[in-house]
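Participant: Give me the fold of what follows.
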Amino acid sequence: MEEKIKEIVAVFTRIPADQINAATLLDRSVVTSSIMLHRMYAKLSEAGIVVENYQEVKTFGNLLQRVSGNKISTIQEMDFIPVSGNGKMQPQITGNGESMPMNIGIDVEEISAMPRVSDLREDDFYKMNFSPSEIAYCILMPDPYASLAGLFAAKEAIVKADNQYRSRPFSNIIIDHLPDGKPVHDKFHLSISHTNNTAVAVAVRIESGLSGAQSNISVPIAKSSSSLILVLVLISIILSAIALIIAFRQ
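Facilitator: I've put the predicted structure just below:
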């Protein structure tokens with residue numbers, strides 16, 4: 001089985017199978033994008049090799065531990081990575097000296113990285129990363145792959161905004177849509193945009209957030225909400241600027 005795993009990993013890391021060992025990295029430093037990383041585990045699943053909580057896997061040795069059902073034994077890494085590294089804001093320092101993350105996540109994905117399949121509802125990658133309702137919604141869109149890439153980017157942005165989501169399968173981070181098409185997820189404000197080639201998403205964590213079904217209900221705006229409104233306006237401007245920059249580069 002280990003040789004079969006190496007063959008699949010080699011395709012996505014572009015490291016020859018005979019050069020892969022326990023210390024070989026399997027994270028975003030060697031796999032080109034988050035989508036490709038998730039595709040690697042979908043391909044392993046297709047081969048009958050199901051990896052639980054693969055978000056915790058950092059090396060090939062970790063992967064073998066996970067496949068064998070053992071707990072990954074690694075030194076706990078810092079959760080907070082600079083924005084230039086993975087789209088997550090740098091940590092803030094609270095009054096008692098503890099570090100806390102900014103509750104904003106940003107993610108950019110290439111639409112071409114989404115695998116083209118004959119049936120989105122039956123493919124392992126899409127079943128592992130999207131709920132049936134999300135797939136059904138995107139199938140009805142003009143470009144289902146662009147819509148799915150947007151949802152994938154939003155899920156990545158949610159994870160970056162709140163590390164508690166890191167161990168959750170993407171199929172369990174369900175993004176609904178209001179009648180006007182606005183994406184919603186409980187306790188988050190989301191914004192998704194895409195060009196013909198790239199999807200961009202921003203997630204803002206709301207401490208006292210409402211569920212997706214409730215978020216379209218009109219309520220009086222408290223004074224404490226003014227800062228959140230300013231943040232959302234700023235995020236919308238940033239998202240628009242990112243989309244324009246990407247479009248011009250292409």
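Participant: Check the average confidence over stretch 19-38, would you?
Facilitator: Stretch 19-38 comes out with an average pLDDT of 92.
Participant: again, but for stretch 175-188
Facilitator: Mean predicted lDDT for stretch 175-188 stands at 93.
Participant: can you give me the end-to-end distance of it?
Facilitator: 10 Å (C-alpha to C-alpha, to the nearest Å).
Participant: how about that stretch: buried residues?
Facilitator: 175-176, 183-185, 187-188 (16 or more other C-beta atoms under 10 Å). C-betas here are computed from N, CA, C, even on glycine.
Participant: Restricted to strands, list the residues you listed.
Facilitator: 176, 183-185, 188 (DSSP state E).
Participant: So, low pLDDT: which residues of this structure?
Facilitator: Where the chain drops to pLDDT under 70, the residues are 70-102, 207-250.
Participant: rewinding a little: need the buried residues of stretch 175-188 in CSV with distance to Gly48, can you?
Facilitator: Putting the buried residues of stretch 175-188 into CSV (distance: C-beta to C-beta, whole Å) gives the following:
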residue, distance to Gly48
Ile175, 29
Asp176, 33
Pro183, 34
Val184, 36
His185, 32
Lys187, 36
Phe188, 35
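Participant: Each with direction, which strands does the strand or helix carrying Ala199 pair with?
Facilitator: Per DSSP states H and E, Ala199 falls inside strand 198-205. Applying DSSP bridges, strand 198-205 is found paired with strand 104-110 (antiparallel), strand 188-194 (antiparallel).
Participant: so where do the helices sit in the chain?
Facilitator: 2-13, 34-46, 60-67, 83-86, 124-129, 132-139, 144-161, 226-249 (DSSP state H).
Participant: how does the chain divide into domains?
Facilitator: Here the domain parsing of the chain from automatic domain parsing is 2-67, 83-249.
Participant: Next, count neighbours for Glu3.
Facilitator: Residues near Glu3, counting by other C-beta atoms under 10 Å, number 9.
Participant: quick one: Ile173 and Ala157 touch, right?
Facilitator: No. Using C-beta atoms under 8 Å, Ile173 is not in contact with Ala157, being 10.4 Å away.
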